[in-house]
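S.K.: Provided below are the primary sequence and the corresponding predicted coordinates.
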Amino acid sequence: MRSTGIAVLLVCAACSFDASGYSSGAGGDLVPPATGPDAGSDPRGPDAAGNPGAPDAGDTARTPDAGGTTAPPDAGLSATCDALCPGTCEGDVCVIVCDADDSCGNVACPPGFACRVDCAGDGSCRSVDCTAATACEVTCSGRRSCDRPVACGVGPCDVACAGDESCKRGVACAAACACQVTCDGHDACRAPASCPPGCSDDFGCTTDGDNCATC
């Protein structure tokens, strides 16, 4: 068998075959080198050679921690409402409750938010200013509540003058895109309400009429 190995070497030399990688096995036979990736290849894959920062094939993609939280889209608005509203916020609606007698004095709704004002106490809400609110709902159920004019803005405005002698100096909502004013209390709305053009102003305001409500 040793003579066989020598013969193979002679033949390989004649063919310019490089047998340097071969080893001699039992009995003198030549054993080929183990197959595998080229010595110059990158174990991270064929594309990694030109990208030194490429991760190893065994690496897994990193994901954000499960404990991370994302603020809801309206979180900023609610935080601003809480900072500006003199009452409490229900979502992005500023709610002002004046249920004690002679409470609240001059009420001003914050800009950029819908506003709901409940004037249940006698003599509560000396005046209500909704001119900066996006929408306004005012209930004047206390006796002589909302004594001075209730001023609406350009958004929809709904005012209920349910208390006796409430809304004494009327409601100003001529600039509102829609206005509803009811005067159900005894001697309520002594001064007439100023309604948007085209709206009925018979003892309050209603959205009846052509081109009355535009929102």
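M.R.: All right, it came through fine.
S.K.: do you know the pLDDT at Gln156?
M.R.: Slight slip there: residue 156 is Pro, not Gln. Looking at Pro156, its pLDDT is 96.
S.K.: what does Ile6 give?
M.R.: 43.
S.K.: next one: the one 5 residues further on
M.R.: Taken from the predicted model, the pLDDT recorded for Val11 is 38.
S.K.: endpoints of stretch 207-215, how far apart?
M.R.: End-to-end distance of stretch 207-215 (C-alpha to C-alpha, to the nearest Å): 11 Å.
S.K.: show me which positions of it end up buried.
M.R.: Within stretch 207-215, the residues that qualify as buried by neighbour count (16 or more other C-beta atoms under 10 Å) are 207, 212-213. C-beta coordinates here come from the backbone N, C-alpha and C atoms, glycine included.
S.K.: show me these that map onto strands.
M.R.: Using DSSP state E, the subset of these located in strands is empty.
S.K.: let me see the domain layout of the chain.
M.R.: According to automatic domain parsing, the chain is divided into the following domains: 2-31, 77-183.
S.K.: got a list of contacts for stretch 173-190?
M.R.: Contact partners of stretch 173-190, identified using C-beta atoms under 8 Å, 6 or more residues apart in numbering, comprise 140-141, 152-171, 193-197, 199, 203-207, 212-215.
S.K.: avg pLDDT for stretch 160-172?
M.R.: Summarised as a single mean, pLDDT over stretch 160-172 is 97.
S.K.: so which helix or strand of this protein has the lowest pLDDT on average?
M.R.: Lowest by mean pLDDT, DSSP states H and E among the helices and strands of the chain is helix 2-14, with a mean of 42.
S.K.: on that earlier part again, could I get the domains of the chain as CSV with mean neighbour count and distance to Cys189?
M.R.: Formatted as CSV, the entries for the domains of the chain read as follows, by neighbours: other C-beta atoms under 10 Å; distance: least, C-beta to C-beta, whole Å:
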stretch, mean neighbour count, distance to Cys189
domain 2-31, 11, 107
domain 77-183, 21, 4
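S.K.: the ones you listed: lowest mean pLDDT?
M.R.: Mean pLDDT is lowest for domain 2-31 out of those, coming in at a mean of 47.
S.K.: and the helices in the chain?
M.R.: For the chain, helices defined by DSSP state H occupy the ranges 2-14, 75-84.
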